[in-house]
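Student: Next one to model:
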Amino acid sequence: MSIAAVRRHRWLVLSAAAAYSMSTLFSAMKPILLTRFVEQHGWSNALAGLAVAMPFAGIAIAALCIAPLTRLSLRRLAVVFGAVLVTAELGSALGHASAAVVLALQFSGGFAVGILMGASSRIIATTDLAGPLFGAVDMIAVLLMSAMVAIVGTAVGYGGLTGGYLVAAVIGALLAVAMLPYKNPALITTASTATLVVSVRALAVVAMGVIFVTCSGLGFTYMFTVAQELGIGYADAGRSIGLLLFVSAFVCLLGGWASARYGPYRPLAIAFIACAGGWYGVVHAPSPVVFYASLVPAVFALQFNFPVLLDLAGSLDRTGRWGAIAAPLQTSGFAWAAILAGLIVGRFGLDALPKATAIGMLVCLCLLAVASRRRTAAESTFVRDDAVSD
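Tutor: Okay, here's the model as predicted:
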(Lines give C-alpha, C1' and ligand atoms only; values in the text may rest on other atoms or scores of the structure.)
Protein backbone atom coordinates (compact mmCIF):
# COMPACT_ATOMS: atom_id res chain seq x y z
CA MET A 1 0.00 0.00 0.00
CA SER A 2 1.50 3.33 -1.06
CA ILE A 3 1.88 6.36 1.17
CA ALA A 4 -0.62 8.19 -1.04
CA ALA A 5 -3.16 5.42 -0.52
CA VAL A 6 -2.64 5.50 3.24
CA ARG A 7 -3.14 9.26 3.22
CA ARG A 8 -6.27 8.96 1.10
CA HIS A 9 -7.86 6.39 3.42
CA ARG A 10 -6.46 7.53 6.77
CA TRP A 11 -9.78 8.64 8.26
CA LEU A 12 -11.53 5.51 7.03
CA VAL A 13 -8.84 3.35 8.67
CA LEU A 14 -9.14 5.33 11.91
CA SER A 15 -12.93 5.07 11.93
CA ALA A 16 -13.02 1.36 11.16
CA ALA A 17 -10.24 0.63 13.66
CA ALA A 18 -12.27 2.44 16.34
CA ALA A 19 -15.33 0.32 15.52
CA TYR A 20 -13.31 -2.91 15.59
CA SER A 21 -11.65 -1.83 18.84
CA MET A 22 -15.09 -1.66 20.45
CA SER A 23 -15.38 -5.40 19.82
CA THR A 24 -11.88 -6.08 21.15
CA LEU A 25 -12.90 -4.11 24.25
CA PHE A 26 -15.43 -6.87 24.88
CA SER A 27 -12.70 -9.46 24.28
CA ALA A 28 -10.40 -7.70 26.75
CA MET A 29 -13.14 -7.56 29.39
CA LYS A 30 -14.33 -11.16 28.97
CA PRO A 31 -11.86 -13.16 31.11
CA ILE A 32 -11.58 -10.43 33.74
CA LEU A 33 -15.30 -9.89 34.26
CA LEU A 34 -16.10 -13.60 34.13
CA THR A 35 -13.90 -14.20 37.15
CA ARG A 36 -15.14 -11.07 38.92
CA PHE A 37 -18.83 -11.95 38.56
CA VAL A 38 -18.16 -15.26 40.30
CA GLU A 39 -16.16 -13.60 43.07
CA GLN A 40 -18.28 -10.50 43.64
CA HIS A 41 -21.81 -11.85 43.20
CA GLY A 42 -21.34 -15.58 43.56
CA TRP A 43 -22.69 -16.27 40.08
CA SER A 44 -22.17 -19.68 38.54
CA ASN A 45 -19.52 -20.01 35.87
CA ALA A 46 -22.26 -20.69 33.34
CA LEU A 47 -24.15 -17.47 34.17
CA ALA A 48 -20.96 -15.40 34.28
CA GLY A 49 -19.92 -16.89 30.93
CA LEU A 50 -23.30 -15.99 29.46
CA ALA A 51 -22.95 -12.41 30.69
CA VAL A 52 -19.60 -11.89 28.96
CA ALA A 53 -20.80 -13.69 25.81
CA MET A 54 -23.90 -11.51 25.36
CA PRO A 55 -22.06 -8.63 23.58
CA PHE A 56 -20.88 -11.07 20.91
CA ALA A 57 -24.41 -12.42 20.52
CA GLY A 58 -25.54 -8.84 19.93
CA ILE A 59 -22.78 -8.37 17.36
CA ALA A 60 -23.96 -11.48 15.50
CA ILE A 61 -27.60 -10.37 15.41
CA ALA A 62 -26.53 -6.93 14.16
CA ALA A 63 -25.17 -8.56 11.01
CA LEU A 64 -28.73 -9.51 10.07
CA CYS A 65 -30.13 -6.02 10.66
CA ILE A 66 -27.54 -3.72 9.14
CA ALA A 67 -28.79 -3.40 5.54
CA PRO A 68 -31.40 -0.63 6.09
CA LEU A 69 -29.04 1.32 8.32
CA THR A 70 -26.34 1.62 5.65
CA ARG A 71 -28.41 4.39 4.08
CA LEU A 72 -27.08 6.60 6.88
CA SER A 73 -23.61 8.11 7.02
CA LEU A 74 -21.02 6.39 9.16
CA ARG A 75 -20.65 9.54 11.24
CA ARG A 76 -24.37 9.55 12.11
CA LEU A 77 -24.24 5.84 12.94
CA ALA A 78 -21.24 6.48 15.21
CA VAL A 79 -23.15 9.13 17.15
CA VAL A 80 -26.30 7.05 17.59
CA PHE A 81 -24.81 3.63 18.25
CA GLY A 82 -21.81 4.99 20.13
CA ALA A 83 -24.35 6.50 22.54
CA VAL A 84 -26.08 3.12 22.81
CA LEU A 85 -22.77 1.45 23.71
CA VAL A 86 -21.88 4.06 26.34
CA THR A 87 -25.37 3.87 27.85
CA ALA A 88 -25.14 0.07 28.02
CA GLU A 89 -21.81 0.20 29.86
CA LEU A 90 -22.98 2.90 32.28
CA GLY A 91 -26.16 0.95 32.97
CA SER A 92 -24.12 -2.18 33.63
CA ALA A 93 -21.91 -0.24 36.04
CA LEU A 94 -25.00 0.68 38.07
CA GLY A 95 -27.02 -2.53 37.69
CA HIS A 96 -24.46 -5.33 37.54
CA ALA A 97 -26.03 -7.10 40.53
CA SER A 98 -29.00 -8.04 38.36
CA ALA A 99 -28.32 -10.74 35.78
CA ALA A 100 -31.30 -9.67 33.68
CA VAL A 101 -30.05 -6.08 33.52
CA VAL A 102 -26.52 -7.07 32.57
CA LEU A 103 -27.62 -9.56 29.92
CA ALA A 104 -29.99 -7.08 28.26
CA LEU A 105 -27.60 -4.14 28.35
CA GLN A 106 -24.58 -6.10 27.16
CA PHE A 107 -26.59 -7.52 24.28
CA SER A 108 -27.64 -4.01 23.25
CA GLY A 109 -24.07 -2.76 23.52
CA GLY A 110 -22.85 -5.61 21.33
CA PHE A 111 -25.62 -4.94 18.81
CA ALA A 112 -24.47 -1.31 18.54
CA VAL A 113 -20.87 -2.38 17.97
CA GLY A 114 -21.96 -4.92 15.34
CA ILE A 115 -23.73 -2.18 13.37
CA LEU A 116 -20.63 0.02 13.42
CA MET A 117 -18.32 -2.84 12.46
CA GLY A 118 -20.56 -3.88 9.59
CA ALA A 119 -20.98 -0.35 8.28
CA SER A 120 -17.27 0.44 8.29
CA SER A 121 -16.46 -2.97 6.79
CA ARG A 122 -18.85 -2.33 3.94
CA ILE A 123 -17.03 0.85 3.00
CA ILE A 124 -13.61 -0.84 3.09
CA ALA A 125 -14.91 -3.76 1.03
CA THR A 126 -15.74 -1.40 -1.87
CA THR A 127 -12.15 -0.22 -2.24
CA ASP A 128 -9.41 -1.87 -4.29
CA LEU A 129 -7.23 -1.97 -1.16
CA ALA A 130 -9.60 -4.03 0.99
CA GLY A 131 -7.04 -6.63 2.08
CA PRO A 132 -4.34 -4.21 3.26
CA LEU A 133 -6.92 -1.88 4.81
CA PHE A 134 -8.56 -4.70 6.76
CA GLY A 135 -5.09 -5.77 7.89
CA ALA A 136 -4.28 -2.28 9.18
CA VAL A 137 -7.63 -1.97 10.92
CA ASP A 138 -7.32 -5.34 12.61
CA MET A 139 -3.74 -4.63 13.68
CA ILE A 140 -4.74 -1.40 15.41
CA ALA A 141 -7.65 -3.10 17.17
CA VAL A 142 -5.47 -5.93 18.47
CA LEU A 143 -2.79 -3.52 19.66
CA LEU A 144 -5.39 -1.50 21.54
CA MET A 145 -6.77 -4.69 23.06
CA SER A 146 -3.41 -5.34 24.71
CA ALA A 147 -3.68 -1.97 26.44
CA MET A 148 -7.35 -2.40 27.28
CA VAL A 149 -6.70 -5.68 29.09
CA ALA A 150 -4.38 -3.86 31.48
CA ILE A 151 -6.69 -0.83 31.87
CA VAL A 152 -9.83 -2.86 32.55
CA GLY A 153 -7.94 -5.22 34.85
CA THR A 154 -6.68 -2.29 36.92
CA ALA A 155 -10.15 -0.73 37.04
CA VAL A 156 -11.74 -3.96 38.24
CA GLY A 157 -8.99 -4.38 40.81
CA TYR A 158 -9.75 -0.97 42.32
CA GLY A 159 -13.47 -0.60 41.72
CA GLY A 160 -14.85 -4.07 41.09
CA LEU A 161 -17.47 -4.54 38.40
CA THR A 162 -18.57 -0.93 38.73
CA GLY A 163 -15.05 0.28 37.98
CA GLY A 164 -14.67 -2.10 35.05
CA TYR A 165 -17.88 -1.03 33.35
CA LEU A 166 -17.27 2.67 34.00
CA VAL A 167 -13.88 2.44 32.31
CA ALA A 168 -15.52 0.53 29.45
CA ALA A 169 -18.00 3.40 29.03
CA VAL A 170 -15.17 5.93 28.83
CA ILE A 171 -13.25 3.83 26.31
CA GLY A 172 -16.42 3.34 24.25
CA ALA A 173 -17.05 7.09 24.19
CA LEU A 174 -13.47 7.82 23.07
CA LEU A 175 -13.69 5.25 20.30
CA ALA A 176 -17.01 6.67 19.09
CA VAL A 177 -15.47 10.14 18.95
CA ALA A 178 -12.54 8.72 16.97
CA MET A 179 -15.00 7.67 14.26
CA LEU A 180 -16.33 11.18 13.69
CA PRO A 181 -13.56 12.63 11.44
CA TYR A 182 -14.61 10.31 8.62
CA LYS A 183 -16.98 12.44 6.54
CA ASN A 184 -18.20 10.14 3.79
CA PRO A 185 -21.84 11.29 3.42
CA ALA A 186 -23.42 7.92 2.63
CA LEU A 187 -22.49 4.28 2.63
CA ILE A 188 -24.46 3.25 -0.44
CA THR A 189 -25.46 4.62 -3.79
CA THR A 190 -28.71 4.24 -5.67
CA ALA A 191 -27.19 1.44 -7.74
CA SER A 192 -26.45 -0.61 -4.64
CA THR A 193 -30.04 -1.04 -3.49
CA ALA A 194 -30.64 -4.20 -5.54
CA THR A 195 -31.54 -7.41 -3.75
CA LEU A 196 -28.57 -9.12 -2.13
CA VAL A 197 -27.68 -12.27 -4.07
CA VAL A 198 -27.40 -15.29 -1.77
CA SER A 199 -25.19 -17.95 -3.32
CA VAL A 200 -23.57 -21.19 -2.20
CA ARG A 201 -20.18 -19.49 -2.41
CA ALA A 202 -21.25 -16.54 -0.26
CA LEU A 203 -22.70 -18.80 2.42
CA ALA A 204 -19.54 -20.94 2.35
CA VAL A 205 -17.30 -17.90 2.82
CA VAL A 206 -19.29 -16.49 5.74
CA ALA A 207 -19.65 -19.90 7.40
CA MET A 208 -15.92 -20.52 6.97
CA GLY A 209 -15.09 -17.28 8.77
CA VAL A 210 -17.37 -18.01 11.71
CA ILE A 211 -16.17 -21.61 12.06
CA PHE A 212 -12.53 -20.61 11.83
CA VAL A 213 -12.75 -17.91 14.51
CA THR A 214 -14.77 -20.24 16.74
CA CYS A 215 -12.52 -23.29 16.44
CA SER A 216 -9.24 -21.38 16.45
CA GLY A 217 -10.39 -19.75 19.70
CA LEU A 218 -11.18 -22.98 21.58
CA GLY A 219 -7.68 -23.22 23.02
CA PHE A 220 -7.59 -19.59 24.14
CA THR A 221 -10.08 -20.34 26.90
CA TYR A 222 -7.76 -22.87 28.52
CA MET A 223 -4.32 -21.44 27.74
CA PHE A 224 -3.66 -20.64 31.39
CA THR A 225 -4.91 -24.06 32.49
CA VAL A 226 -2.32 -25.73 30.26
CA ALA A 227 0.34 -23.30 31.50
CA GLN A 228 -0.47 -24.18 35.12
CA GLU A 229 -0.13 -27.90 34.38
CA LEU A 230 3.37 -27.18 33.01
CA GLY A 231 4.31 -25.31 36.18
CA ILE A 232 4.09 -21.85 34.62
CA GLY A 233 2.62 -19.31 37.05
CA TYR A 234 -0.12 -16.86 36.16
CA ALA A 235 2.23 -13.89 36.25
CA ASP A 236 4.84 -15.45 33.96
CA ALA A 237 2.23 -16.86 31.59
CA GLY A 238 0.40 -13.54 31.49
CA ARG A 239 3.52 -11.58 30.57
CA SER A 240 4.63 -14.02 27.89
CA ILE A 241 1.21 -14.51 26.34
CA GLY A 242 0.54 -10.78 26.48
CA LEU A 243 3.78 -10.11 24.59
CA LEU A 244 2.87 -12.78 22.05
CA LEU A 245 -0.55 -11.20 21.48
CA PHE A 246 1.07 -7.80 21.06
CA VAL A 247 3.49 -9.10 18.43
CA SER A 248 0.71 -11.03 16.69
CA ALA A 249 -1.08 -7.76 15.93
CA PHE A 250 1.50 -7.02 13.24
CA VAL A 251 0.69 -10.34 11.55
CA CYS A 252 -2.64 -8.75 10.57
CA LEU A 253 -0.71 -6.58 8.11
CA LEU A 254 0.98 -9.69 6.71
CA GLY A 255 -2.41 -11.30 6.17
CA GLY A 256 -3.74 -8.27 4.34
CA TRP A 257 -0.62 -8.11 2.16
CA ALA A 258 -0.74 -11.85 1.38
CA SER A 259 -4.39 -11.60 0.36
CA ALA A 260 -3.63 -8.74 -2.01
CA ARG A 261 -0.49 -10.41 -3.38
CA TYR A 262 -1.49 -14.08 -3.68
CA GLY A 263 -5.26 -14.06 -3.36
CA PRO A 264 -7.12 -15.49 -0.35
CA TYR A 265 -7.12 -19.24 -1.03
CA ARG A 266 -3.53 -20.39 -0.55
CA PRO A 267 -2.85 -18.16 2.50
CA LEU A 268 -6.05 -19.35 4.17
CA ALA A 269 -5.32 -23.03 3.53
CA ILE A 270 -1.81 -22.77 4.95
CA ALA A 271 -3.05 -20.89 8.02
CA PHE A 272 -5.84 -23.43 8.68
CA ILE A 273 -3.28 -26.24 8.79
CA ALA A 274 -0.85 -24.20 10.93
CA CYS A 275 -3.64 -23.36 13.39
CA ALA A 276 -4.59 -27.01 13.89
CA GLY A 277 -0.97 -28.06 14.38
CA GLY A 278 -0.26 -25.19 16.74
CA TRP A 279 -3.12 -25.95 19.13
CA TYR A 280 -2.23 -29.66 19.15
CA GLY A 281 1.28 -28.69 20.24
CA VAL A 282 -0.02 -26.30 22.90
CA VAL A 283 -2.30 -28.80 24.63
CA HIS A 284 0.18 -31.69 24.41
CA ALA A 285 3.31 -29.65 25.14
CA PRO A 286 5.81 -31.58 27.28
CA SER A 287 7.62 -28.41 28.35
CA PRO A 288 7.17 -24.64 28.57
CA VAL A 289 9.44 -24.17 25.54
CA VAL A 290 7.21 -26.33 23.35
CA PHE A 291 4.12 -24.65 24.83
CA TYR A 292 5.24 -21.15 23.84
CA ALA A 293 6.64 -22.30 20.48
CA SER A 294 3.29 -23.92 19.62
CA LEU A 295 1.38 -20.80 20.61
CA VAL A 296 3.10 -18.88 17.81
CA PRO A 297 1.33 -20.60 14.87
CA ALA A 298 -1.84 -21.06 16.92
CA VAL A 299 -2.19 -17.37 17.76
CA PHE A 300 -0.66 -15.93 14.61
CA ALA A 301 -3.01 -17.91 12.37
CA LEU A 302 -6.02 -16.10 13.82
CA GLN A 303 -4.56 -12.63 13.34
CA PHE A 304 -3.28 -13.53 9.86
CA ASN A 305 -6.59 -14.94 8.63
CA PHE A 306 -8.99 -12.33 9.99
CA PRO A 307 -8.29 -9.65 7.35
CA VAL A 308 -8.01 -12.29 4.61
CA LEU A 309 -11.46 -13.65 5.44
CA LEU A 310 -12.93 -10.14 5.49
CA ASP A 311 -11.30 -9.35 2.16
CA LEU A 312 -12.74 -12.51 0.65
CA ALA A 313 -16.23 -11.75 1.99
CA GLY A 314 -15.99 -8.20 0.68
CA SER A 315 -15.22 -9.50 -2.80
CA LEU A 316 -18.55 -11.33 -3.02
CA ASP A 317 -20.46 -8.28 -4.26
CA ARG A 318 -19.62 -4.86 -5.65
CA THR A 319 -21.37 -2.93 -2.87
CA GLY A 320 -19.67 -4.63 0.10
CA ARG A 321 -22.86 -5.92 1.67
CA TRP A 322 -21.46 -9.40 2.28
CA GLY A 323 -18.44 -7.77 3.93
CA ALA A 324 -20.80 -5.90 6.24
CA ILE A 325 -22.53 -9.14 7.17
CA ALA A 326 -19.34 -11.18 7.57
CA ALA A 327 -17.47 -8.85 9.93
CA PRO A 328 -19.93 -9.01 12.87
CA LEU A 329 -20.62 -12.71 12.36
CA GLN A 330 -16.92 -13.56 12.33
CA THR A 331 -16.36 -11.59 15.53
CA SER A 332 -19.20 -13.46 17.24
CA GLY A 333 -17.06 -16.58 16.92
CA PHE A 334 -15.11 -15.46 19.99
CA ALA A 335 -18.24 -15.95 22.10
CA TRP A 336 -19.11 -19.32 20.61
CA ALA A 337 -15.50 -20.43 21.18
CA ALA A 338 -15.71 -19.81 24.93
CA ILE A 339 -19.06 -21.57 25.24
CA LEU A 340 -18.09 -24.53 23.05
CA ALA A 341 -14.72 -24.98 24.76
CA GLY A 342 -16.41 -25.27 28.15
CA LEU A 343 -18.83 -27.89 26.85
CA ILE A 344 -16.05 -29.92 25.20
CA VAL A 345 -13.73 -29.89 28.20
CA GLY A 346 -16.57 -30.61 30.60
CA ARG A 347 -17.64 -33.69 28.66
CA PHE A 348 -14.47 -35.01 27.00
CA GLY A 349 -11.55 -33.40 28.82
CA LEU A 350 -8.83 -30.94 27.80
CA ASP A 351 -7.24 -33.35 25.32
CA ALA A 352 -10.35 -33.11 23.15
CA LEU A 353 -9.80 -29.41 22.37
CA PRO A 354 -7.09 -29.81 19.68
CA LYS A 355 -9.17 -32.59 18.09
CA ALA A 356 -12.16 -30.27 17.90
CA THR A 357 -9.93 -27.54 16.46
CA ALA A 358 -8.57 -29.94 13.84
CA ILE A 359 -12.11 -30.97 12.83
CA GLY A 360 -13.06 -27.30 12.55
CA MET A 361 -10.03 -26.57 10.35
CA LEU A 362 -10.90 -29.55 8.13
CA VAL A 363 -14.42 -28.16 7.69
CA CYS A 364 -12.89 -24.78 6.84
CA LEU A 365 -10.69 -26.39 4.17
CA CYS A 366 -13.77 -28.04 2.64
CA LEU A 367 -15.64 -24.74 2.63
CA LEU A 368 -12.58 -23.06 1.11
CA ALA A 369 -12.68 -25.57 -1.73
CA VAL A 370 -16.35 -24.74 -2.28
CA ALA A 371 -15.63 -21.01 -2.21
CA SER A 372 -12.80 -21.31 -4.72
CA ARG A 373 -14.84 -23.30 -7.25
CA ARG A 374 -18.47 -22.22 -6.95
CA ARG A 375 -18.20 -18.86 -8.65
CA THR A 376 -20.87 -17.24 -10.75
CA ALA A 377 -20.01 -15.39 -13.94
CA ALA A 378 -20.65 -12.07 -12.19
CA GLU A 379 -18.33 -12.98 -9.33
CA SER A 380 -15.62 -14.18 -11.70
CA THR A 381 -15.51 -10.84 -13.50
CA PHE A 382 -16.03 -8.67 -10.43
CA VAL A 383 -13.35 -6.05 -9.82
CA ARG A 384 -13.65 -3.66 -6.91
CA ASP A 385 -14.11 0.03 -7.60
CA ASP A 386 -11.79 2.28 -5.67
CA ALA A 387 -14.61 4.76 -5.36
CA VAL A 388 -14.43 5.47 -1.67
CA SER A 389 -12.08 8.12 -0.39
CA ASP A 390 -12.10 10.53 2.44
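Student: At the geometric centre of the protein, which residue sits there?
Tutor: Thr331 (3.5 Å; C-alpha atoms, centre = their mean).
Student: what about it, which helix or strand?
Tutor: helix 321-348 (DSSP states H and E).
Student: so what secondary structure elements neighbour that helix?
Tutor: Counting contacts by 3 or more C-beta pairs under 8 Å, 6 or more residues apart in numbering; DSSP states H and E, helix 321-348 is packed against helix 10-41, helix 45-62, helix 99-125, helix 200-216, helix 288-314, helix 352-373. Bear in mind the C-beta positions are built from the backbone N, C-alpha and C, glycine included.
Student: Select, out of these, the one closest to Leu174.
Tutor: Of all the helices and strands packed on helix 321-348, it is helix 10-41 that lies closest to Leu174, at 8.4 Å by C-beta to C-beta.
Student: mean confidence score for that closest one?
Tutor: Taken as a whole, helix 10-41 has an average pLDDT of 83.
Student: Can you point out the buried residues in that helix?
Tutor: 11-34, 36-37, 40-41 (16 or more other C-beta atoms under 10 Å).
Student: And for stretch 171-180?
Tutor: Residues of stretch 171-180 classed as buried: Ile171, Gly172, Ala173, Leu175, Ala176, Ala178, Met179, Leu180 (neighbour count, 16+ other C-beta under 10 Å).
Student: I figured the fourth one hits Glu89, correct?
Tutor: If I follow you right, that is Leu175. No: if you go by C-beta atoms under 8 Å, Leu175 and Glu89 don't touch, sitting 11.4 Å apart.
Student: same for the top helix by length along the chain, what does it pack against?
Tutor: Identified as the longest helix of the chain according to DSSP state H is helix 130-178. Under the contact definition 3+ C-beta pairs under 8 Å, 6+ apart, helix 130-178 sits against helix 10-41, helix 74-95, helix 99-125, helix 234-248, helix 251-262, helix 288-314.
Student: And the buried residues of stretch 171-180, which is closest to Ile270?
Tutor: In terms of C-beta to C-beta, no member of these lies closer to Ile270 than Leu175, at 33.0 Å.
Student: Excluding residues flanking it in the chain, which one is nearest the closest one?
Tutor: Ala18 (4.3 Å; C-beta to C-beta, 6 or more residues apart in numbering).
Student: Ile124 now?
Tutor: Nearest to Ile124 is Leu133, by C-beta to C-beta, 6+ apart, at 4.9 Å.
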